[in-house]
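> my questions are about this predicted structure, shown below with the sequence.
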Amino acid sequence: MQGKMKYMLGAAISIIVFTGCKQQQVAQQDTAYSVMEIRSTDKELLSSYSASIRGKSDIAIYPQISGYITRLCVEEGEVVRKGQTLFIIDQVPYQAALRTATANVNLCKANVGTAELTYKSKQELFKQNVISTFELQTAENALESAKAQLEQALAQEINARNNLSYTEVKSPSDGMVGTLPYKVGTLVSPSQPNPLTMVSDNSEMYVYFSMTEKQLLGLLREHDSVEKALKSMPAVQLQLTDNSIYAEKGRIETISGIIDQTTGSVTLRATFPNKGHMLYSGGSGNILIPQTKKNCIVIPKSATYEVQDKVYTFRNIDGVAKSTMVHVLPISEDNNYIVEAGLSVGDVIVAEGVGFIRDNTPIKVKQN
């Protein structure tokens, strides 16, 4: 009796499942789906690369002499010109050192004059056989010693004058002043670990980004050489951290000759104009490089579904939906895929509603 009950229960479940499947197929046949025929087209891609923004020159400003800061001549973020004074370091000891050096020079000049007179007098006496060769040589040596002391004093004067000039710390280039961590009264020296400030020349900005070795090789094969690749590269865009696109376009100017063994990538540099000072050194963003892909297959993402990170679409083959895996390349700022493998020109695929379709089920094509 129990065996008969189990048999009847199994038969009932089979009927229910079969009926459900039949109802699902009927529902799918009753629903009309839009389809599209695969054609080839040209499509522009925007390849995105993480980038860091630097000034044309970011110069760390260090003091060349020791002393207390007596004056700050600029403000943080101020635009400065080459040669403009940024800081003044206590000048009093260096002014005194210069006066001492100048006095030593004058003293040495007087000693040279005296030694020259003595040597000339000795020469006359030697001609008259009044003095010996030894005395004449001694006078000549005294003159040479006085001249050497003068040269030494002149060098010390130059050094003292330079040290005094170093009390005025000047900007080495046009640019924008960074932070000013050292205030008036701070003792600074050439051996300090941190700079007085940074001056960033941001009239133009250098934007650095990386390509993989594989991408670089593909680029070089396409253009035969680095020089030709750089000349043929299109203008690039810079996407800022707020996802906005920087108004000015840039150009890629350099490709590093060394591949980083740690990351397997090579560094490229693009240059962007920065007339409005919109870009700041130390910022970040994304470089967008346009690339036109010829004769490619483009399908909407709505015509695909994913299973375990693999992308599939349904081909319509004689009114039956056939699941087909495709290898795709996403297009930036677009709801489409570029299909690299899995579809051919002339194939017909379901364009929408693929989430309601099962593999190998009949479908009805929506009439336009």
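Arrived safely, thanks for sending. Residues are numbered from 1 along each chain as shown.
> nearest residue to the middle of the chain?
Centroid check for the chain by Cα atoms, centre = their mean gives Y208 as the closest residue, at 2.0 Å.
> correct me, but it touches Y49?
No - between Y208 and Y49 there is no contact under Cβ atoms under 8 Å: 9.8 Å. No exception for glycine: its C-beta is placed from N, CA and C like everyone else's.
> where does this protein have its least confident helix or strand?
Lowest on mean pLDDT, DSSP states H and E among the helices and strands of the chain sits helix 2-30, with a mean of 47.
> what lines up beside the following helix or strand past it in the sheet?
Next helix or strand after helix 2-30 toward the C-terminus (DSSP states H and E): strand 32-33. On the basis of DSSP bridges, the sheet neighbours of strand 32-33 come out as strand 364-365 (parallel).
> tell me how far the strand it pairs with lies from the chain's centre.
Distance of strand 364-365 from the chain centroid (Cα atoms, centre = their mean, to the nearest Å) equals 53 Å.
> tell me the helices and strands packed up against the lengthiest strand in the chain.
Secondary structure of the chain per DSSP state E: the longest strand is strand 40-61. The contact analysis (3 or more Cβ pairs under 8 Å, 6 or more residues apart in numbering; DSSP states H and E) places strand 40-61 against strand 175-177, strand 197-212, strand 237-240, strand 284-300, strand 336-341.
> now with 6 Å, please.
Judged by 3 or more Cβ pairs under 6 Å, 6 or more residues apart in numbering; DSSP states H and E, strand 40-61 is in contact with strand 197-212, strand 284-300.
> for G264, which of these is the nearest?
Ranking the helices and strands packed on strand 40-61 by proximity to G264 (Cβ to Cβ) places strand 197-212 first, at 6.2 Å.
> what angle do the closest one and strand 284-300 make?
Put simply, strand 197-212 runs at 30 degrees to strand 284-300, going by axes from the mean of the first three to the mean of the last three Cα atoms, to 10 degrees.
> pull out the buried residues from strand 197-212.
Within strand 197-212, the residues that count as buried by 16 or more other Cβ atoms under 10 Å are 197-203, 205-211.
> that one pairs with which strands?
strand 40-61 (antiparallel), strand 175-177 (antiparallel), strand 265-273 (antiparallel).
> next, the buried residues of the longest one.
Residues of strand 40-61 classed as buried: 43, 45-46, 48-49, 51, 53-59, 61 (neighbour count, 16+ other Cβ under 10 Å).
> how about stretch 352-364?
G353, V354, I357, T361, I363.
> of all those residues, which comes closest to E306?
Checking the buried residues of stretch 352-364 against E306 with Cβ to Cβ, the nearest one is V354 at 10.6 Å.
> and the closest one, backbone torsions?
Main-chain dihedrals, V354, degrees, to the nearest 10: phi -70, psi -20.
> for it, give me its contacts.
Y305, F314 (Cβ atoms under 6 Å, 6 or more residues apart in numbering).
> let me know the secondary structure of N163.
helix (DSSP: H, G, I helix; E, B strand; the rest coil).
> around it, count how many other residues there are.
Close neighbours of N163, defined as other Cβ atoms under 10 Å, add up to 21.
> touching, it and Y94? I think so.
Yes - if you go by Cβ atoms under 6 Å, N163 and Y94 touch, sitting 5.0 Å apart.
> now name the helix or strand holding Y94.
Here Y94 is assigned to helix 92-127, by DSSP H and E.
> pull the residues that contact the longest strand of the chain.
Residues outside strand 40-61 that contact it (Cβ under 6 Å, 6+ apart) are 172-173, 195-202, 204-209, 279, 281, 283-296, 298, 331-332, 345.
> could you give the angle of it to strand 336-341?
On the basis of the same axes, to 10 degrees, strand 40-61 is oriented at 110 degrees to strand 336-341.
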